[in-house]
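> Could you look at this predicted model? Sequence included:
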Amino acid sequence: MTPDTPPGLDQLRGLHLPAETGGAQGAVMLAIALGFTAALVLGLLRLLRARRRGSVRRAALADLAAANALPPERRRVAQAQLLRRLARTLQGDAAADAQGDAWAAALDRLFATTFFSAGAGRIFAEGLYRRGASEPGPVDAELARLFARIGA
């Protein structure tokens, strides 16, 4: 064969993979795959957790909107029932079964506020069925604000 003549096809060698360098490549690929899998699982868990919280928030806001369409006396009762259901869902039966000042304290802990023990929300702890209740607007607006913060 002379250098001017190109080699023929019969002289070409077949394709082959490069030789492994001590098996380090396999360990690196395994570590990358495990890291990616762990990140994917963590992301899915966070997504499911956020969706669960969001669904409680959405359901509570929808129920509150339905309750706010009722006349004032029935509205307070529907809102009180909604607060009991919400406390049972987020804090358990012990919190939802509380009465009086303990109920106001449980609601304050649930929403991280003092609205139920020291504010207009006190009506849910002591005067739910009292005639001549105060104007429903401020209480309704505050409940909507507090429900929007659920899980946030």
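Yep, that arrived. Numbering: from 1, shown residues only.
> For the longest helix anywhere in the chain, name the packing helices and strands.
If you go by DSSP state H, the chain has its longest helix at helix 24-68. Using 3 or more Cβ pairs under 8 Å, 6 or more residues apart in numbering; DSSP states H and E as the contact test, the elements touching helix 24-68 are helix 72-91, helix 136-148. All C-beta spots, glycine's among them, are computed from the backbone N, C-alpha and C.
> Same list (the ones you listed) but as TSV, adding mean neighbour count.
Shown next, in TSV, are those (neighbours: other Cβ atoms under 10 Å):
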stretch	mean neighbour count
helix 72-91	17
helix 136-148	17
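> would you list the ones you listed in CSV and tack on mean pLDDT and distance to residue 58?
Listed next are the helices and strands packed on helix 24-68 as CSV, based on pLDDT from 0 to 100; distance: least, Cβ to Cβ, whole Å:
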stretch, mean pLDDT, distance to residue 58
helix 72-91, 88, 12
helix 136-148, 83, 10
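> Distance to residue 36 added to those helices, as a markdown table?
Below are these laid out as a markdown table (distance: least, Cβ to Cβ, whole Å):
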| stretch | distance to residue 36 |
| --- | --- |
| helix 72-91 | 34 |
| helix 136-148 | 36 |
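> I'd assumed residue 96 was in contact with residue 87.
Yes - contact between residue 87 and residue 96 holds when scored by Cβ atoms under 8 Å: they sit 4.3 Å apart.
> what do the two both touch?
residue 106 (Cβ atoms under 8 Å, 6 or more residues apart in numbering).
> any idea which helix or strand carries residue 124?
Per DSSP states H and E: residue 124 is located in helix 123-126.
> Next, report how far that helix is displaced from the centre of its chain.
Distance, stretch centre to chain centre, for helix 123-126: 28 Å (Cα atoms, centre = their mean, to the nearest Å).
> List of residues touching that helix?
For helix 123-126, the external contacting residues (Cβ under 8 Å, 6+ apart) are 76, 79-80, 83, 100-101, 103-104, 107, 116-117, 130, 133-134, 139.
> quick one: secondary structure of the closest residue to residue 90 other than its chain neighbours?
Distances taken as Cβ to Cβ, 6 or more residues apart in numbering put residue 110 closest to residue 90, at 6.2 Å, once the chain neighbours are dropped. Put simply, residue 110 is helix when judged by DSSP: H, G, I helix; E, B strand; the rest coil.
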